[in-house]
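A.B. asks: need a structure here:
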Amino acid sequence: CDLVQVTSAAQMHQQALNYVTKATTFVACAAVADYRVADVANEKIKKDHERMQLALVKNHDIVADVAQLAKKPFIVGFAAETQNVEHYARGKLMRKNLDLIAANDVAKAGQGFNCDDNALTLYSAIDKIDIPLANKQIVANQLVSLINQHYLAKSTAK
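C.D. replies: As a prediction, this is how the structure comes out:
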């Protein structure tokens, strides 16, 4: 396993596409910013006006681009949602051509961001599996086990 350091979403996109050709499984667990500033200033921006507008441009969707490869690996995505969790997760699963998506309701108190605990629901095209609220390490171990089970089932079905 190699550690590849990047400083931008564009670099992460390029490195992911470079390395994914060696992978059997791609777990897209790092959320890259959806947008970036269109023009980066080379000098300090002076405080000349009360308001300033920044133009944003969309970053590449790494997991969607990996899923479009001719020889794509088994792909797992994530969906952190605040409402209609199943609807948005299943939509993302299908729209991005993923094998699995792990969804969590980050609006629920006591789980998700800024907490030691989490709960996930894992969706595939044919099933739904709940991982109940527990310490994140326990949830992660269960998730990896389920990813492995789904990967093995798909690879033996070919």
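
A.B. asks: what segments of this protein are helices?
C.D. replies: With helices called from DSSP state H, the chain shows them at 9-19, 62-67, 85-95, 136-157.

A.B. asks: tell me what the shortest one is packed against?
C.D. replies: It stands for helix 62-67. If contacts are counted by 3 or more CB pairs under 8 Å, 6 or more residues apart in numbering; DSSP states H and E, helix 62-67 sits against helix 9-19, strand 74-81. C-beta coordinates here come from the backbone N, C-alpha and C atoms, glycine included.

A.B. asks: check which residues of the first one are buried.
C.D. replies: Spelled out, that is helix 9-19. 9, 12-13, 16 (16 or more other CB atoms under 10 Å).

A.B. asks: ok, residues contacting that helix?
C.D. replies: 2, 4, 6, 26, 30, 32-33, 36, 59-60, 62, 65-66, 69 (CB atoms under 8 Å, 6 or more residues apart in numbering).

A.B. asks: sorry, back to before: so which of the helices of the chain is the most packed in?
C.D. replies: helix 62-67 (a mean of 20; mean count of other CB atoms under 10 Å).

A.B. asks: quick revisit: the helices and strands packed on helix 62-67: which one's closest to M52?
C.D. replies: Closest approach to M52 among the helices and strands packed on helix 62-67 is made by helix 9-19 (22.3 Å; CB to CB).

A.B. asks: check the residue of the chain positioned farthest from its centre and give its pLDDT.
C.D. replies: Relative to the centre of the chain, and counting by CA atoms, centre = their mean, the farthest-placed residue is D48 at 39.0 Å. Reported pLDDT at D48 in the predicted model: 89.

A.B. asks: who does D105 bridge with?
C.D. replies: E81 (DSSP bridges).

A.B. asks: check contacts around it.
C.D. replies: Applying CB under 8 Å, 6+ apart, the residues near D105 are 81-82, 85, 111-112, 119.

A.B. asks: and the gap between A80 and N118?
C.D. replies: 10 Å (CB to CB, to the nearest Å).

A.B. asks: which one of the two is surrounded by more residues?
C.D. replies: Using other CB atoms under 10 Å as the criterion, A80 and N118 rank with N118 on top: 25 against 16.

A.B. asks: that one pairs with what?
C.D. replies: According to DSSP bridges, beta-bridge pairing links N118 with A134.
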